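Visitor: Give me a model of this one.
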Amino acid sequence: MPELPEVEVTRLGFADRIAGARIESVRMGKPLRWPLGLDPAQLAGRTVTGVRRRGKYLLVDLDRGLLLLHLGMSGSLRFVRSLPQPGGHDHFDLVTTQGSLRLNDPRRFGAVVYADSESSPAASKLLGGLGVEPLGHEFLLEAFHAGLKRRKAPVKQVLLAGDLVVGVGNIYASEALFMAGIRPTLSSARISRPRAARLLQAVREVLAKAVKKGGSTLRDFSNTDGQSGYFQLEAMVYDRKGQPCRVCGTPIRQIRQGQRATYFCPTCQKA
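Guide: I've put the predicted structure just below:
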């Protein structure tokens with residue numbers, strides 16, 4: 001599933017190129033996770049004023065309203081000068097005066113939703129429960145530590161939940177916990193303020209590095225130019241079961257948490 005770094009890489013790939021473009025037409029293919037929310041023809045003539053990200057959602061701001069795009073489990077976006085004929089998995093085309101944006105989503109868990117504003121019910125339903133942005137200025141230690149202390153669940157599950165801090169997906173949670181020296185099974189409530197500070201910094205560093213590396217391509221993620229990400233090739237623990245830790249040489253262990261694979265070093269992450 002594309003996580004925050006992959007979504008940010010996607011945004012960076014077309015945000016500048018589409019800004020200021022006028023929408024000429026919209027094509028909808030097979031139904032996605034949620035309906036668009038208006039007749040696609042009503043978008044023609046509107047202008048794209050910018051592209052933002054909130055968690056794993058892309059917010060395409062228009063001069064009237066906005067589009068919320070989610071890549072789902074297997075979606076990817078392409079932005080090109082002109083589009084070929086759509087294939088069976090091409091479910092959304094936004095044709096503009098500066099190029100065309102296409103959503104390809106084999107599993108159709110993605111979505112394109114129109115909202116009149118970010119505070120409208122359609123947008124609030126999707127964005128209202130999201131935690132703070134880990135790469136933004138609002139990701140602060142006091143609130144983060146307080147949020148950890150209020151939860152008794154294993155810390156990795158708390159990171160994945162998305163209501164405390166958004167977008168720390170499975171790969172990046174494992175990597176951040178390794179960097180912070182915290183075992184993923186440790187109760188969130190037991191994390192001290194100094195350890196919370198290390199974890200906060202680790203989350204920031206891991207996600208920023210992942211964006212720089214183009215995200216992670218485990219199966220089918222690629223950016224708007226069709227290029228794969230490379231972060232997974234430098235992972236310290238993720239998907240390295242049985243391989244020696246890059247720091248101490250201890251074999252990396254794998255466990256299951258909430259139906260997700262978790263990887264950690266039993267020596268570097270003692271507690």
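Visitor: which residues does the closest residue to residue 266 other than its chain neighbours bridge with?
Guide: Distance criterion CB to CB, 6 or more residues apart in numbering; nearest residue to residue 266, sequence neighbours excluded, is residue 253 at 5.6 Å. C-beta here means a position set from N, CA and C on the backbone, and glycine is covered the same way. In this entry, residue 253 is beta-bridged to residue 264, by DSSP bridges.
Visitor: would you list every one of the strands in the stretch 1-150 of the chain?
Guide: With DSSP state E, counting those that start in this stretch, the ranges of strands along the stretch 1-150 of the chain come out as 23-28, 48-54, 57-62, 66-70, 76-80, 90-96, 99-104, 111-115.
Visitor: Just checking: what are the partner strands of the last one?
Guide: What that stands for is strand 111-115. In the sheet, strand 111-115 lines up with strand 66-70 (antiparallel) (DSSP bridges).
Visitor: okay but the residue nearest to residue 266 is in contact with residue 265, surely?
Guide: Yes. Here residue 253 lies in contact with residue 265, judged by CB atoms under 8 Å, at a distance of 7.5 Å.
Visitor: So for those two, which residue has more residues nearby?
Guide: Neighbour count, other CB atoms under 10 Å: between residue 253 and residue 265, residue 265 has more, with 24 against 16.
Visitor: does that one really touch residue 245, like I thought?
Guide: Yes. Residue 265 lies in contact with residue 245 (CB under 8 Å); the separation is 4.3 Å.
Visitor: what sits in contact with each of these two?
Guide: Listed contacts common to residue 265 and residue 245 are 236, 237, 252; contacts here mean CB atoms under 8 Å, 6 or more residues apart in numbering.
Visitor: With residue 246 as the reference, measure out to the first one.
Guide: The span separating residue 236 from residue 246 equals 6 Å under the rule CB to CB, to the nearest Å.
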